[in-house]
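# turn this into a structure:
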Amino acid sequence: MVGSLLLPMVRGVASKAASVLVQTVTRMCGLDDDRDTLELHLLAVERKLASAEERSETDLAVKRWMRKLRAVAYEADDVLDEFEYEALRRKYQIGESKKRKVLSYITHHSPLLFRFSMSTKLKNILQKIGKLVEEMNKFGLESSAPVECATIYGRDDDEKVITKLLLDQRDQRKVQLLPIFGMGGLGKTTLAKMVYNDQVIQQHFQLKMWHCVSDNFDVIALVKSIIELATNGRCNLPDSMDLLQKRLGEVIGQQRFLLVLDDVWNEDERKWEDDLKPLLCSVGASGSAIVVTCRSQKVASVMQTLQPHKLACLNEEDSWELFAQKAFSSGVEEQAELVTIGRRIVKKCRGLPLALKAMSGLLSSYQQVQEWKAIDESNIGDNVRGKDEILPILKLSYKHLSSEMKQCFAFCVVFPKDYMLDKDELIQLWIANGFIQEEGTMDLAQKGELIFHNLVLSLSKMDKLTTLCNNLDVDAEGDITPLQTFPKLIQMSLSELPSLEKWAENSVGEASDRLTKFPVLKRLYIAKCPKLASVPVIPVIKVLSITGVCGIVVGLVCMGILLGSWPFLVSLTVESENNMAMLPLDVQQSRSPVPLEEFKKLILQGPNCLVAASDLSGPHLTLWRCFALVEELDLIRCNNLVHWPTDQLRGLDRLRYLCINSCDNLEGNSSSSRETLPLSLDKMWITNCRSVVALPSKIGDLTKLRILNMNGCSDLKALPDEMDGLTSLEQLWIYRCPGIEEFPHGLLQRLSYLKDLTLKGCPELERRCRQGGEYFHLVSSIPYTCITEAAPESEFSRKKFLRRLLPPCANTKSDAGSDNN
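Predicted structure coming up:
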């Protein structure tokens, strides 16, 4: 069984691409061929994901490919959501008054603009997924069962028995069915893969297919999937059993086939005997066979034609070999004391491969005897009950997440980026959605707490917390968190902790950040912790946000960047009440600045977060060179910013997005002839900068700028004549700039690509653009023009988010807006 969430995700996106709602809009927009291509690509990928999942454990190239696929699948899902939302919006508008429809057409949703935008997005997705399909084909992945790369212990005899049984059916005219059954975690799927990939089996059967059934025993869907596996293409037939049976006979013909139905749960004999069995057993040549893996003996008895093969637990020696292979593979020495402890742990796992893999994966992260002892003394045996289920070892294993934990984690994507989650509410949502199941005497809320703390550590509003990790097991004043190491923590949030001073302290109470380990931490958010004066070791950090801390921390952040300590940093948010602190000169002079290769987004907040151009020194310029590859930059409340930051941004040749927000002293006047912003800019927002009196004098040099938004610039009296150089401008929004009364002469005629003009809070300029005004004939040719009061964006965003949380029965579209989580 595939443990990853990627397979169901890709399957869901492919299903969405084939939905009637999406097809309705893509046909109207002339994009149905692209939609069809996307669907075919997704189906092709879906068939090989099981193989990719297994290969990714040992093949880094496949692992990177799966990461890229996940990102593209999310993008595709967002694009398809937009198509679904557009279909529902148009459906809702039917019956509205003619006046309302006309106003909507010219103010909110231009069909031409929508088609242009979605065509670009869809082709971008196709280009990305096309490359991934090309890479996939080079890996040589199986279309059904994955290739088993890891060493498998204790199953050679089982493989020989099943292989012989299948080969012995060569003269049987009817299709034979062999069930493999046993409790969860025994390795039924692994054994089936061994048989499937056996060289003799590969040569014996002319057609081999693998389908993971799980609890969805829908006969029509299953037959369609088998047809697709046999043809390596899509099955577009209607849901007619007669047509499907005919097509199944055509694609299989007189080939000897092997079909593996993995993880079958159906106990309804009628579904098998009356519906599926007549279809599957009426095709294929003599010797064809079906192998079924299942947990229930009843399932096996319902489907069997051959004696079911019951899978047993591993013996003690095979269990030890499986355990030791992983536990001693990451630098952990196989010393005598660890071996003794390890054998006790293996005995508690009772020969169950899944439990052995989980425990060995966990212990491979620990090298100290006392750490192994702590795990040995835990209630490992309580998690292996010897029934038809194995309850996952949640508290002790982070690597092998259960499907329960994966569901809880995946549910969090319904919240927008940076949404402040309440832990107790989140746990209640998990329970309400049925993601958490009862376990012994532990109630659901307690189990939810356990799952939450295994996924993320978030501390907030603990007024007495002084030390995050305390090395002493004694009482101490205030709230002390009893964590010393964080081997698997991926995200941490610390907020409103006014007394927090140290990450860790040693046995005598001295600060010792080295006691705190964050080897895989990727996202760290620190807010309103004014006494915290250090930064921990975070070698693979990707997203770092530090606001409301003392200036020393900001200086340490700069030091970490200059020293190359965070090579994987993608996004940085820093709030500073003082100038950005620098390293001592002797340290800086000994190193050459190295740009952060993965860096994309920088947010600087605070009255002095951006050093004035006149104060720029070598150290400051060196720091900016590290940001050379940044693509998005936000400057917020930089009160010492008076002129446009052309000197600070010089050299940012990849900067595409610039937002300058609430910089109260920014005027923009300058006599400098070098006043040029990065020519790579694609989008620029100037928001709530009330003192601005002039835009950059060389704004016309920004020939790649597509979007310009000015909001709340109350002192801005005119637009510069040089704006006619913005030859790529597609969107111009001017909000609450009452001083702007006219456009520069000939500007609207020269902005030939302008598709969206929105004016609000500019009374005189709006009057000139309305019917009867001098600009009306120019404005009327722009596809989307809004010069009237618009609904508040916050309300629209709130409704859009709430719509995402509606169940399917209340709204066909579960995700009304795209979201870059």
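
# residue 525 reaches residue 494, doesn't it?
Yes: using C-beta atoms under 8 Å, residue 525 makes contact with residue 494 at a distance of 7.1 Å. From N, CA and C alone the C-beta is placed, and that goes for glycine too.

# what's the nearest residue to residue 209 if we skip its chain neighbours?
Once flanking residues are discounted, residue 209 sits nearest to residue 229: 4.2 Å by C-beta to C-beta, 6 or more residues apart in numbering.

# let me fix that, I meant to ask about residue 556.
Using C-beta to C-beta, 6+ apart and skipping residues adjacent in sequence, the residue nearest residue 556 is residue 535, 4.7 Å away.

# cool, and residue 684?
residue 658 (4.9 Å).

# can you report how many residues lie near the one you found?
Residues lying near residue 658 (other C-beta atoms under 10 Å) number 22.

# skipping adjacent residues, who's closest to residue 649 in space?
In space, and not counting its chain neighbours, residue 649 is closest to residue 678: 5.6 Å by C-beta to C-beta, 6+ apart.

# burial check on the one you found, number of neighbours?
Neighbourhood size, residue 678 [other C-beta under 10 Å]: 20.

# report the contact partners of it.
Contacts for residue 678 (C-beta atoms under 8 Å, 6 or more residues apart in numbering) come out as 649, 650, 652, 653, 655, 658.

# what distance separates stretch 773-784 from the centre of its chain?
42 Å (C-alpha atoms, centre = their mean, to the nearest Å).

# sort out which residues of that stretch are buried, please.
Of all the residues in stretch 773-784, those buried under the rule 16 or more other C-beta atoms under 10 Å are 773, 775, 778, 779, 782, 783, 784.

# what lies in contact with the helix or strand where residue 525 lies?
Here residue 525, judged by DSSP states H and E, is contained in strand 523-527. Outside strand 523-527, the residues that touch it by C-beta under 8 Å, 6+ apart are 490-496, 518, 532, 538, 541-549, 553.

# buried subset of those residues?
When the contacts of strand 523-527 are checked for burial by 16+ other C-beta under 10 Å, the buried set is 490, 492-495, 518, 532, 538, 541-549, 553.

# strands - which of those residues land there?
Among the buried ones among the contacts of strand 523-527, the residues falling in strands (DSSP state E) are 492, 493, 494, 495, 543, 544, 545, 546, 547.

# which one is the third one nearest to, not counting chain neighbours?
Take residue 494 and drop its neighbours on the chain: the residue closest to it by C-beta to C-beta, 6+ apart is residue 526, 5.0 Å away.

# tell me how many other residues crowd that neighbour.
Neighbour count for residue 526, taken as other C-beta under 10 Å: 21.

# what about it, distance to residue 503?
Counting by C-beta to C-beta, to the nearest Å, the gap from residue 526 to residue 503 is 11 Å.

# ditto for residue 277
Taken as C-beta to C-beta, the span from residue 277 to residue 503 is 63 Å.

# out of those two, name the residue with the larger neighbour count.
More neighbours surround residue 503 than the other of residue 277 and residue 503, with 22 against 18 (other C-beta under 10 Å).

# wait, a helix at the more buried one?
No: read with DSSP: H, G, I helix; E, B strand; the rest coil, residue 503 is strand and lies in no helix.

# strands of the stretch 101-250 of the chain, residue ranges please.
176-181, 207-214 (DSSP state E, counting those that start in this stretch).

# dump these to a markdown table, plus mean neighbour count, mean pLDDT and distance to residue 628.
Formatted as a markdown table, the strands of the stretch 101-250 of the chain follow (neighbours: other C-beta atoms under 10 Å; pLDDT from 0 to 100; distance: least, C-beta to C-beta, whole Å):
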| stretch | mean neighbour count | mean pLDDT | distance to residue 628 |
| --- | --- | --- | --- |
| strand 176-181 | 22 | 92 | 57 |
| strand 207-214 | 20 | 84 | 47 |
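
# can you redo those as a markdown table with distance to residue 87?
Output for the strands of the stretch 101-250 of the chain, formatted as a markdown table (distance: least, C-beta to C-beta, whole Å):
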| stretch | distance to residue 87 |
| --- | --- |
| strand 176-181 | 43 |
| strand 207-214 | 30 |
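
# okay, now the unreliable bits of the stretch 401-550 of the chain?
401-404, 406, 410, 413-421, 438-442, 453-489, 504-517 (pLDDT under 70).

# quick one: the helices in it?
For the stretch 401-550 of the chain, helices defined by DSSP state H, counting those that start in this stretch occupy the ranges 403-411, 423-432, 444-455.

# of all these, which one comes closest to residue 669?
helix 423-432 (49.8 Å; C-beta to C-beta).

# can I get the CA coordinates of that closest one in PDB?
What follows is helix 423-432, C-alpha atoms only, in PDB (Å, rounded to 0.1, in the frame of the first residue of the first chain):
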ATOM      1  CA  LYS A 423      -4.600  24.200  18.700                       C
ATOM      2  CA  ASP A 424      -7.800  23.200  20.600                       C
ATOM      3  CA  GLU A 425     -10.100  24.200  17.800                       C
ATOM      4  CA  LEU A 426      -7.900  22.300  15.300                       C
ATOM      5  CA  ILE A 427      -8.000  19.100  17.300                       C
ATOM      6  CA  GLN A 428     -11.800  19.400  17.600                       C
ATOM      7  CA  LEU A 429     -12.000  19.800  13.800                       C
ATOM      8  CA  TRP A 430      -9.800  16.600  13.400                       C
ATOM      9  CA  ILE A 431     -12.200  14.800  15.700                       C
ATOM     10  CA  ALA A 432     -15.400  16.100  14.000                       C
END
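
# for that helix, which positions count as buried?
Neighbour counts using 16+ other C-beta under 10 Å place 426, 427, 429, 430, 431 of helix 423-432 among the buried residues.

# which strands and helices sit next to that helix?
Packing partners of helix 423-432 (3 or more C-beta pairs under 8 Å, 6 or more residues apart in numbering; DSSP states H and E): helix 403-411, helix 444-455.

# counting neighbours, what do you get for residue 27?
Residues near residue 27, counting by other C-beta under 10 Å: 12.

# is it true that it lies in a helix?
Yes: membership of residue 27 in a helix is supported by three-state DSSP.

# any idea how far it is from residue 349?
56 Å.

# out of the contacts of residue 678, which are buried?
The neighbour-count test (16+ other C-beta under 10 Å) marks 649, 652, 655, 658 as buried among the contacts of residue 678.

# the closest residue to the second one other than its chain neighbours: which element?
Ranked by C-beta to C-beta, 6+ apart and with sequence neighbours excluded, the top spatial neighbour of residue 652 is residue 678, at 4.9 Å. In this assignment (DSSP H and E), residue 678 forms part of neither any helix nor any strand.

# distance of residue 678 from residue 702?
Using C-beta to C-beta, we find residue 678 at a distance of 8 Å from residue 702.
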